[in-house]
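**Student:** take a look and give me a structure for this.
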Amino acid sequence: MTYLVTDACIKCKYMDCVEVCPVDCFYEGENMLVINPNECIDCGVCEPECPAEAILPDTEADQEKWLEINAKFSEEWPNITVKKDSPADADEHKGEEGKFEKYFSPEPGEGD
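**Tutor:** Below is the predicted model of the structure:
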């Protein structure tokens, strides 16, 4: 089992999860984070830290879709281990439906 970041992260990108991850398995895209499922040790400390409730165990998320997205983009995006400020409009997008279709960007973020 692994934890996965879902579309609830898109445009929110709070990054509280990054600070607590003991294995630094988060990767930064332009407007969301992903977890490398091969690096995640299933400790679960990131899940309660996410204000957007975007992190779920693979048993609760749409496993096939989010496992593929997290695996693919964790190979392409830079690693992030230090919390940064969230986007200024993050709270406006918290809880919004359909964010993947509306806003997902495959572009990498800055990383550390």
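**Student:** where does pLDDT dip in the protein?
**Tutor:** The chain contains residues with pLDDT under 70 at 61.
**Student:** now do the SS call for the nearest residue to Phe73 once chain neighbours are set aside.
**Tutor:** In this structure, Phe73 finds its nearest non-sequential neighbour in Val34, 4.7 Å apart by Cβ to Cβ, 6 or more residues apart in numbering. Just so you know, the C-beta spots here come from the backbone N, C-alpha and C atoms, and that holds for glycine as well. Under DSSP: H, G, I helix; E, B strand; the rest coil, Val34 falls in the strand class.
**Student:** give the contact list for Val34.
**Tutor:** Applying Cβ atoms under 8 Å, 6 or more residues apart in numbering, we find Val34 in contact with Leu4, Val5, Phe26, Tyr27, Ile69, Asn70, Phe73, Ser74, Trp77.
**Student:** which among those gets closest to Val45?
**Tutor:** Phe26 (12.0 Å; Cβ to Cβ).
**Student:** what about that closest one, how many residues close to it?
**Tutor:** 25 (other Cβ atoms under 10 Å).
**Student:** beta partners of it?
**Tutor:** Ile35 (DSSP bridges).
**Student:** just to check, it is in contact with Asp16?
**Tutor:** No - in this structure, Phe26 is not within contact of Asp16 by Cβ atoms under 8 Å, at 10.8 Å.
**Student:** for this structure, what's the longest helix?
**Tutor:** helix 63-76 (DSSP state H).
**Student:** what helices or strands is the next helix or strand after that helix leaning on?
**Tutor:** Using DSSP states H and E, the next helix or strand after helix 63-76 towards the C-terminus is helix 90-93. The helices and strands touching helix 90-93, judged by 3 or more Cβ pairs under 8 Å, 6 or more residues apart in numbering; DSSP states H and E, number zero.
**Student:** export helix 90-93 as PDB, just CAs?
**Tutor:** These are the backbone C-alpha positions of helix 90-93, laid out as PDB (Å, rounded to 0.1, in the frame of the first residue of the first chain):
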ATOM      1  CA  ALA A  90      -5.400  28.300  -2.300                       C
ATOM      2  CA  ASP A  91      -8.300  28.600   0.100                       C
ATOM      3  CA  GLU A  92     -10.600  29.700  -2.800                       C
ATOM      4  CA  HIS A  93     -10.000  26.300  -4.500                       C
END
